[in-house]
Each structure stands twice: as C-alpha cells, then as structure tokens.
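J.: sequence plus the predicted model coming up.
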Amino acid sequence: MFRLASILALVLLFADTALPQQQPPPLAGGEGPSANPSQPRPDSNGAYFAVPGIVTPVVIERAAVEYPVNVPEGAIDGLTVLKLVVGTDGLATDISVVSSHGDAFDQAAIDAIRRSKFDPGTLNGDPVPVHIFARVRFFADKRETYPRIVAHFGLGAGPGALSTRNYDKPPIAIYMAPAEFSERARKAKYQGVALVSAIINEEGLPTDVKVIRSLGMGLDEKAIESVYRSRFRPATKDGAPVAAQITIEVNFRLY
C-alpha cells in the first residue's frame, strides 16, 4: 500500500535570512571548517564540516529511541545532543555526547543513532563523511521519539540551543502538511528523501521554498507543495518573531 510521504525533521542550518550566509562556529575541541567556504576541506580524519558546498546527510531509516527503565517520572523530560560523523556508508561513527540528559538517556540516544541509517553527505555529488549533530527529545509521557539531525549546535548559546546565530528560539512546526506521491513516482514505485529549504517568516509562513536535494519523478513539486501548506511558530529573538531559514526532510516511502 502507498502512504503519504512524511516530513521527518527540521534541520536548522542558517538564522535570520536578512544576513549573508556565514560559516558555522567552531566545534568543541578547537575543530572547525575550512577558512574558505567555497572550497570545503576535510579534517585530519577525512571528514567534512557542514559548510556551504557540503550537502548534509539525511535520515532514511530512523530508529525509535527506547526510553530507559526505572527512571523517576519527573526526570524523563529533557534533551540529549550528540556529535557524530556520518560515513559514506550511511552509518554513524565517532559518536559523543555534547549536551547530556543523564547517562541512561544519553546511551538510549546513542543506541538509536547507531541503529539509524543515513543518506550520506555529498561534495560535488560524491559521498563524503560529514560531521553533524543529532538531538533526541525525551518526553514525560514517553511518546515515540526519534533522533533529529542538527547541522550546527551552538555550544555557547545555553542548554539545548540549536544555533548561536540571530535568534534565541528556532522555528517550530505546528502543522506539517502531508506530501503525496506523484502519479509517475507511484507507478514506478519510486521512493526517496527530498531536502527542501524554506524561509519561515515572522508570521510563521513558509516562503522562498526550494528543493536543495532533488528526487525528480514529480516528487520535488509535491515536496514543495507540502511545505507551503505547513505552518510554523516563527523563530524569536529577544521575544520578537524573526525570519529564519530551515531545511526540511520530506521522506517519500512505500509501505
């Protein structure tokens, strides 16, 4: 049976779009991207940073997080953020904790990342290993939760911050419209993940929606339509709404 495609995750890449694109802040331990954003260079281990020119990895098989047992009810709600490298084989390596919710929760997040599979990042169309971050939100009611990719994590912006750029709180999806298969893709039983960039304006409306990782077969247009129909709570700076650019995974899967 064919099902509607799902919009899996928001990947916060850039802040207020009135500003020019900049390189992300250096990562912990003195690591950082190449000084020339137009010519990305790998680190000493051959892995790239999520700078302009690098297409970041996308989750294609996400593993559900298993909540720890024997944890006090009041201690469940919280956030773990992991640093990792997605290799050219689509698997996570070099996983470490950069924002902890406690050992048991951190280990549950790591286990889910190890069981997940990714479409690897690319440079000029070729797969390359890429540094990313992943966040796992644990809910007090133990609802189903999954790792979410975060390209950059602002270590200096406070617990759980997604970026040190020009907002305090990122956009939040309040309604994600389902994306339908195109007739051509449905007949061909074609599936995959489209990556869509959008500016969420001060009213929470998607604008300037563009496909940055294409699927073809009419699915790009369906992905764009679904994002335009979605609604968001806008990013805020000092309590006031601001425009912010996000990247959205639209997963077209056949079940």
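T.: Now that the structure is in, tell me what you want to look at.

J.: residue contacts, residue 218?
T.: Applying Cβ atoms under 8 Å, 6 or more residues apart in numbering, we find residue 218 in contact with 182-185. (C-beta placed from N, C-alpha, C; glycine too.)

J.: so how far is residue 78 from it?
T.: 41 Å (Cβ to Cβ, to the nearest Å).

J.: repeat that for residue 238.
T.: 25 Å.

J.: what about those two, which has more around it?
T.: Using other Cβ atoms under 10 Å as the criterion, residue 238 and residue 78 rank with residue 78 on top: 17 against 7.

J.: what sits against that one?
T.: Residues in contact with residue 78 (Cβ under 8 Å, 6+ apart) are 101-102, 105, 137-138.

J.: of these, buried ones?
T.: Among those, those buried by neighbour count (16 or more other Cβ atoms under 10 Å) are 101, 105, 137-138.

J.: farthest pair in the contacts of residue 218?
T.: The distance between the two most remote of the contacts of residue 218 (Cβ to Cβ) is 7.5 Å, for 183 and 185.

J.: quick one, helices of the protein?
T.: 103-115, 183-188, 219-229 (DSSP state H).

J.: of those, which is nearest residue 143?
T.: helix 103-115 (14.2 Å).

J.: residue 182 contacts residue 222, doesn't it?
T.: Yes - here residue 182 reaches residue 222: they are 5.6 Å apart, a contact under Cβ atoms under 8 Å.

J.: distance check, the residue of the chain positioned farthest from its centre against residue 111.
T.: The centre of the chain is farthest from one residue, residue 70, which by Cα atoms, centre = their mean lies 30.2 Å away. Using Cβ to Cβ, residue 70 is found at 17 Å from residue 111.

J.: break this structure down into its structural domains.
T.: Here the domain assignment for the chain is 1-22+168-255, 40-164, based on automatic domain parsing.

J.: return the member of the ones you listed having the minimum mean pLDDT.
T.: For the domains of the chain, mean pLDDT drops lowest on domain 1-22+168-255, to a mean of 76.

J.: just how off-centre is stretch 118-126 within its chain?
T.: Between the centre of stretch 118-126 and the centre of its host chain there is 15 Å, according to Cα atoms, centre = their mean, to the nearest Å.

J.: so that it lines up with my notes, have the first residue be 432 from now on.
T.: Shifting the count to begin at 432 puts that one at stretch 549-557.

J.: and it, how far apart are its ends?
T.: With Cα to Cα, to the nearest Å as the measure, stretch 549-557 spans 15 Å from end to end.

J.: can you check stretch 499-514 too?
T.: Terminal-residue distance, stretch 499-514 (Cα to Cα): 21 Å.

J.: tell me the buried residues in that stretch?
T.: For stretch 499-514, a neighbour-count test (16+ other Cβ under 10 Å) marks 499, 507, 509, 511-514 as buried.

J.: which of these sit farthest apart?
T.: Checking the buried residues of stretch 499-514 with Cβ to Cβ, the most distant pair is 507 and 514, at 23.1 Å.

J.: strands - which of the buried ones among the contacts of residue 509 land there?
T.: The strands, defined by DSSP state E, take in 568-569 from the buried ones among the contacts of residue 509.

J.: quick one: closest of the helices of the chain to residue 636.
T.: helix 650-660 (8.6 Å).

J.: ok, and what's touching the closest one?
T.: Here helix 650-660 makes contact (Cβ under 8 Å, 6+ apart) with 436, 438, 607-613, 616, 621, 623, 625, 627, 629, 637, 640-642, 645-646, 679, 681, 683.
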